[in-house]
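Trainee: structure, please.
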Amino acid sequence: MSKQIPGNNRHLTADDRNIIEDGLKNSMNLKDIAKVLCKDPSTISREIRKHRTEYKRDLNLYNRCKNKRNCTHKHVCGNSMCQKQCRNCNKCMKYCKDYEEHLCPQIKYAPYVCNGCCKKAYCQLKMYVYHARTAHSNYLETLSESRAGYNITPEKLIEIDEIIKEGVKRGHSIANILYENKNLIECSERTIYKYIEDGLLSIKNIDLRRKVRYKPRKNKKDKQRVLEMQKGRTYDDFIQYTSITETPIMEMDTVLGCLGSSKCLLTLYSRQTRFMFARLLNSHTQEAVINAFDEIEELIGLKTFQELFPIILTDNGSEFLDAEALEWSKTGELRTKIYYCNSRSPQEKAGIEKNHEFIRYFIPKKNSFDHLNQTHIDLMMSNINNYKRESLHMASPYDILSLMYGTDTLKKLGITYIKPEKVTLTKDIFT
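Mentor: Below you'll find the model as predicted:
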């Protein structure tokens, strides 16, 4: 595929790897997956082979020898009392010199994994699978390792050491030495201090006039105040739970109007699809949020609610503190699971914080929501969700969610389709 295609020279992202995993599950060939991601098929092939993992099972009960059909060996293990032919025994692989493992063509050739194989449930051969989360974790680890160490040759380090040592003997600071020798030393002041700290230079911290006066800075972490309602629902609990499951994650927040405005917006944002849904609340209270949850459940049904909002991450706002009322339906069934960010840590739900920028295109800060109704909000969110995103490879959140849950569910939520050329991101839509 041409290198002129936008994005073809970028590293694969976590979203890209999710698309690869979904494509493999749906038995798409590598060429079609590459077209979706605007990548070369060889890139997808290398990604799968590099980050696939073996599907661990107990395979000792099955003889996987490639030559077993024509095998006539007996007593390879040395047990002359055994009446079995070796081809019917699973121990011959340890003793037979002619043993050759039979590998499925699906892992030797494209797609190289068994994600979409219909025989996966009962196949006895060695299997490999591709998991997007594991692949991205391995990628980040490799990226970190590749940047470790020092990007300098031993000869250049010796040259820098001589210059720094001579300058310090004359009582000069590191900044002054670097300025005087800017044509010889290309490192920054911070890099030189790092070399000294790590013992790469003959100069030590004790040789510097001011360095030893300063105590090392300590990263003080505020002790988080955990309320009784939040026990088992902290951000650490959220990280632990999501690390062992691939459940879709929703982020929740409220958008307030100007001082004195009674109405506000309850927003719910999907990390995976970038879809954001909003309900207009008459007041900024726990009761209003609970009522909004009940209304949403009535609109789309309990089952769809559980599929759309299985996990919700929110802040410590007073309107969200009644976790049990939000988690449990009026029918007594669990409809979602609430987790709370750490105090003063909006970056832990950065997706929804960033997406609120779209709302401010329509309703700038210091403006009231009191003149609006839910119809206005649905129109606004329809325009926002039909806006194509570069992070989704120029698809819109509406496109993705409609494929997953159908347009009927979106209509119940008040979100309708708008043609790309008709999408408007200004407050003119209210007039």
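Trainee: show me where pLDDT drops low in this protein?
Mentor: Counting by pLDDT under 70, the chain has low-confidence residues at 1-9, 57-62, 83, 87-88, 90-93, 210-228.
Trainee: strands of that one, start to end?
Mentor: Using DSSP state E, the strands of the chain run over 53-54, 128-129, 249-256, 264-270, 276-281, 311-314, 337-340.
Trainee: now residue 26: closest residue in space, sequence neighbours ignored.
Mentor: Of all residues not flanking residue 26 in the chain, residue 116 sits nearest, at 6.3 Å (C-beta to C-beta, 6 or more residues apart in numbering). Where you see a C-beta, it was placed from the backbone N, CA and C, and this is true even at glycine.
Trainee: was I right to think residue 95 contacts residue 82?
Mentor: No - the pair residue 95 / residue 82 is not scored as a contact, 11.8 Å apart, by C-beta atoms under 8 Å.
Trainee: residue 105: neighbour count?
Mentor: Residue 105 has 7 neighbouring residues, counting by other C-beta atoms under 10 Å.
Trainee: before we move on, what about residue 255?
Mentor: The burial count for residue 255: 17, using other C-beta under 10 Å.
Trainee: what sits against it?
Mentor: Listed by C-beta atoms under 8 Å, 6 or more residues apart in numbering, the contact partners of residue 255 are 264-265, 267, 278, 356, 359.
Trainee: likewise residue 35?
Mentor: Counting by C-beta under 8 Å, 6+ apart, residue 35 makes contact with nothing.
Trainee: returning to what we had before: ok, the residue nearest to residue 26 touching residue 24?
Mentor: Yes - contact criterion C-beta under 8 Å: residue 116 and residue 24 qualify, at 5.4 Å.
Trainee: the two: who's more crowded?
Mentor: Counted by other C-beta under 10 Å, residue 116 and residue 24 do not tie: residue 24 has more neighbours, with 25 against 15.
Trainee: how close does that one sit to residue 137?
Mentor: In this view, residue 24 and residue 137 are 18 Å apart by C-beta to C-beta, to the nearest Å.
Trainee: same question for residue 420.
Mentor: According to C-beta to C-beta, residue 420 and residue 137 sit 35 Å apart.
Trainee: not counting sequence-adjacent ones, nearest residue to residue 353?
Mentor: Excluding its sequence neighbours, the residue lying closest to residue 353 (C-beta to C-beta, 6+ apart) is residue 346, at 5.2 Å.
Trainee: how about residue 325?
Mentor: Of all residues not flanking residue 325 in the chain, residue 290 sits nearest, at 4.9 Å (C-beta to C-beta, 6+ apart).
Trainee: list the contacts for that neighbour?
Mentor: By C-beta under 8 Å, 6+ apart, the contact set of residue 290 is 322, 325-326.
Trainee: emit the PyMOL select command for whichever of those residues are buried.
Mentor: Selection of buried members from those for PyMOL, criterion 16 or more other C-beta atoms under 10 Å:
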select buried, resi 326
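Trainee: just the contacts of residue 290 now: which is nearest residue 188?
Mentor: Of all the contacts of residue 290, the one sitting nearest residue 188 is residue 326; the distance, using C-beta to C-beta, is 50.0 Å.
Trainee: is it true that that closest one touches residue 319?
Mentor: No - with contact defined as C-beta under 8 Å, residue 326 does not reach residue 319; the gap is 10.0 Å.
Trainee: how near is the residue lying closest to residue 85 once chain neighbours are set aside to residue 67?
Mentor: In this structure, residue 85 finds its nearest non-sequential neighbour in residue 74, 6.0 Å apart by C-beta to C-beta, 6+ apart. In this view, residue 74 and residue 67 are 15 Å apart by C-beta to C-beta.
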